[in-house]
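[1] sequence unavailable; structure follows:
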């Protein structure tokens with residue numbers, strides 16, 4: 001099974017502009033994400049897909065592989081779909097550009113879903129981990145997911161799902177990790193679908209799949225990666241690796 005990792009990298013992020021070029025332990029956030037993805041040795045190719053000359057030069061000047069994306073895109077998946085159209089691959093893994101501590105094990109487990117599915121019953125997969133910090137349950141920046149008994153996503157939300165009405169129970173909460181795996185056709189299909197109402201309301205691209213009848217197989221992982229969404233996240237990441 002041939003697999004390629006694509007890393008969408010937009011320079012003008014809404015909440016934290018230029019976050020991917022922020023220094024983190026002597027390297028930019030995007031370069032760390034790229035190098036750590038390459039270091040897993042899981043993929044036939046790893047490619048950064050960016051709208052920014054600055055990010056493009058950052059990757060190319062450090063010996064990496066990057067391509068420019070042109071046009072406006074609703075989401076990172078739309079951006080990489082345009083770049084993936086002419087790629088020869090079976091599975092595409094979408095590694096977010098703000099995940100500088102991405103590790104091998106979660107990515108390997110994500111790929112394993114497709115390798116164990118010879119009849120192509122799974123078109124899309126993603127990662128989740130159990131929320132241990134109660135503060136994250138109500139945090140709108142922590143996207144929650146609820147799943148069925150076969151580990152397929154029922155819904156994603158920035159709200160606390162499930163709602164804890166019955167205090168005699170102890171529900172499990174899962175945080176969605178925004179790393180996706182797709183069969184190539186599913187990614188191409190996604191880019192042809194119009195933005196869905198729930199996607200627009202929650203600002204969550206994966207809801208476009210659910211609203212159009214696609215199933216997303218969730219993979220439980222113990223890893224809780226440090227994503228760089230805000231300046232505060234960057235400071236946490238710097239403390240994590242002991243730099244400033």
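    Sure thing, it's come through. These figures come from a predicted structure and were not determined experimentally.

[2] only C-alpha atoms for contact and neighbour calcs from this point on.
    Will do.

[3] from residue 111, how far off is residue 93?
    8 Å (C-alpha to C-alpha, to the nearest Å).

[4] quick one: common contacting residues for the two?
    Taking C-alpha atoms under 8 Å, 6 or more residues apart in numbering as the criterion, residue 93 and residue 111 both touch residue 181.

[5] remind me what the helix or strand harbouring residue 207 packs against, helices and strands.
    Residue 207 is part of helix 206-211 when elements are defined by DSSP states H and E. Secondary-structure packing of helix 206-211 (3 or more C-alpha pairs under 8 Å, 6 or more residues apart in numbering; DSSP states H and E): strand 153-157, helix 197-202.

[6] other residues contacting the next helix or strand after it?
    Sequence order places strand 216-220 as the next helix or strand after helix 206-211, per DSSP H and E. With contact meaning C-alpha under 8 Å, 6+ apart, strand 216-220 is reached by 109-110, 122-130, 147, 151-153, 209-210.

[7] filter those to the buried ones?
    The neighbour count (16 or more other C-alpha atoms under 10 Å) marks 109-110, 122-130, 152-153, 209-210 as buried among those.

[8] those residues in strands, which ones?
    124-130, 153 (DSSP state E).

[9] check those residues and tell me the two furthest apart.
    Across those, no pair lies farther apart than 124 and 130, at 20.2 Å, counting by C-alpha to C-alpha.

[10] any chance of the helices and strands packed on helix 206-211 in TSV, with distance to residue 82 and mean pLDDT too?
    Converted to TSV, the helices and strands packed on helix 206-211 look like this (distance: least, C-alpha to C-alpha, whole Å; pLDDT from 0 to 100):
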stretch	distance to residue 82	mean pLDDT
strand 153-157	25	98
helix 197-202	20	96
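
[11] who are the contact partners of the nearest residue to residue 205 once chain neighbours are set aside?
    Spatially, and ignoring its direct neighbours in sequence, residue 205 is nearest to residue 199 (5.5 Å; C-alpha to C-alpha, 6 or more residues apart in numbering). By C-alpha under 8 Å, 6+ apart, the residues touching residue 199 are 205-208.

[12] apply 6 Å and report the result again.
    The contact partners of residue 199, by C-alpha atoms under 6 Å, 6 or more residues apart in numbering, come to 205, 207-208.

[13] out of these, who's nearest residue 225?
    Among those, and counting by C-alpha to C-alpha, the member closest to residue 225 is residue 205, at 19.8 Å.

[14] could you check how many residues crowd around that closest one?
    Neighbourhood size, residue 205 [other C-alpha atoms under 10 Å]: 21.

[15] quick one: furthest residue from the center of this protein?
    Relative to the centre of the chain, the most outlying C-alpha is that of residue 168, 34.5 Å out, by C-alpha atoms, centre = their mean.

[16] need the three-state assignment for it.
    Secondary structure assignment for residue 168 (DSSP: H, G, I helix; E, B strand; the rest coil): coil.

[17] where in the protein is pLDDT low?
    Applying pLDDT under 70 to the chain flags residues 14, 243-244.

[18] in it, which spans are strands?
    Along the chain, counting by DSSP E, strands occupy 3-9, 23-24, 27-28, 45-50, 66-68, 91-94, 124-130, 144-147, 153-157, 174-183, 216-220.

[19] gap between residue 180 and residue 15?
    For residue 180, the distance to residue 15 (C-alpha to C-alpha) stands at 21 Å.
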